[in-house]
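In: Return atomic coordinates for the entry below.
(2 chains)
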Amino acid sequence: MSQADKASSQATTADSSATVKNTTPVYEIGFHVVPTVGDEGVSKVVEAVRAALGDAEIISEGFPQKMTLAYQVERATQSKREKYTESYFGNIKFAMQRESITAFTEAVRAMPSVLRFLIIETVREDIAAAPRRSVFTSDRLEGKTIEKPIAAAEKPVEVSEAELDKSLEALTG
Amino acid sequence: MKKDFYAPQFIRIDYKDTETIKKFLNPHGKIMPRRRTNLTAANQRALAEAVKRARFMALLPYIVR
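Out: Now for the predicted structure:
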């Protein structure tokens, strides 16, 4: 094979890999880790989730942060019901082949430290970083700063002593 | 004139962004109607989906008494 052929085949391979990268569906998993694992245990749970992803491309990651849940989440284990009012919530955005998602879902479901999780299909771009507008505003003054009206400066007027006394007497009666 | 909050972009409502989503909920935690939110039909549907995801993940309550 000549060098030109090699170069063209390499370029084709690069193009096809770029196409695969662009066409691979992007997913995001949001998950709650039970608070009983503690701050040290959270890292291990995240590692386990990452391991379950296998060779999927990780796009972004939000490390689990402790938060108070909006309502009490109950979970039935072998013999008792566990109730949680707080958890560590984290998320990972990744690109994975559509066929592998079911296996990944089952792997996460089997993790006892993951209280609840949600996998959604999303886009590669960070949607949270989109510019925002104010909600219920008028566009009448958009882009303008409301300025304080400028008052006309008062001119100093000279007043004689007699006039001042006269006006004071009129005021005091 | 009131404008669509998400109009410049195509449906970018993240279920994790609860502070923004809360602006479209009434004090009971119910989703406001389109005549109050001023969103496009597509964005209103995206909002509803984001709210339901956030509720499932216990980021938002199902009901506020």
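In: Please make it C-alpha for all contacts and neighbour counts, starting now.
Out: OK.
In: which strands and helices sit next to the helix ranked longest in chain B?
Out: Longest helix in chain B, counting residues (DSSP state H): helix B:41-56. Applying 3 or more C-alpha pairs under 8 Å, 6 or more residues apart in numbering or on different chains; DSSP states H and E, we find helix B:41-56 packed against helix B:18-22.
In: The helix it packs on near chain A anywhere?
Out: No. Figure legend: helix B:18-22 not in contact with chain A (C-alpha under 8 Å from any C-alpha of the partner chain); closest approach 9.5 Å.
In: if we can go back for a sec, list the buried residues for the longest helix of chain B?
Out: B:43-44, B:46-48, B:50-56 (16 or more other C-alpha atoms under 10 Å in any protein chain shown).
In: Now it: average pLDDT?
Out: Confidence over helix B:41-56 (mean pLDDT, whole number) is 95.
In: List just the nearest of the buried residues of helix B:41-56 to residue A:78.
Out: Closest approach to residue A:78 among those (C-alpha to C-alpha): residue B:56, at 23.1 Å.
In: tell me the contacts of that closest one?
Out: Contacts for residue B:56 (C-alpha atoms under 8 Å, 6 or more residues apart in numbering or on different chains) come out as none.
In: now swap in the one 5 residues further on and tell me
Out: Counting by C-alpha under 8 Å, 6+ apart, residue B:61 touches A:70-71, B:29, B:55.
In: what's the spacing between it and residue B:55?
Out: Distance, residue B:61 to residue B:55, using C-alpha to C-alpha, to the nearest Å: 6 Å.
In: if we can go back for a sec, list the ones among the contacts of residue B:61 that fall in helices.
Out: Under the assignment DSSP H, the contacts of residue B:61 contribute residue B:55 to helices.
In: And the contacts of residue B:61, which two are furthest apart?
Out: Distance extremes for the contacts of residue B:61: the farthest pair is A:71 and B:29 at 12.6 Å, using C-alpha to C-alpha.
In: what pLDDT, on average, does stretch A:166-173 get?
Out: Here the average pLDDT along stretch A:166-173 is 86.
In: What segments of chain A are helices?
Out: Secondary structure of chain A (DSSP H): helices at A:3-23, A:38-53, A:101-109, A:161-172.
In: Can you give the distance of stretch B:12-23 from its chain's centre?
Out: 6 Å (C-alpha atoms, centre = their mean, to the nearest Å).
In: what do you get for stretch A:107-122?
Out: For stretch A:107-122, the distance from its own C-alpha centre to the chain's C-alpha centre is 19 Å (C-alpha atoms, centre = their mean).
In: Could you pull up the mean pLDDT of that stretch?
Out: Per-residue scores along stretch A:107-122 average to 95.
In: roughly how far out does the biggest strand by length in chain A sit from the chain middle?
Out: Across chain A, the longest stretch assigned as strand under DSSP state E is strand A:57-76. Mean-position distance between strand A:57-76 and its chain equals 13 Å (C-alpha atoms, centre = their mean).
In: which residues are in contact with stretch A:104-120?
Out: Residues from elsewhere that reach stretch A:104-120, judged by C-alpha under 8 Å, 6+ apart: A:27-34, A:37, A:45, A:49, A:52-53, A:75, B:57.
In: Pick the one among the residues you listed closest to residue A:89.
Out: Among those, and counting by C-alpha to C-alpha, the member closest to residue A:89 is residue A:32, at 4.6 Å.
In: Quick check: nearest residue in space to the closest one, chain neighbours excluded?
Out: residue A:89 (4.6 Å; C-alpha to C-alpha, 6 or more residues apart in numbering or on different chains).
In: Roughly how far does that neighbour sit from residue B:37?
Out: According to C-alpha to C-alpha, residue A:89 stands 29 Å off from residue B:37.
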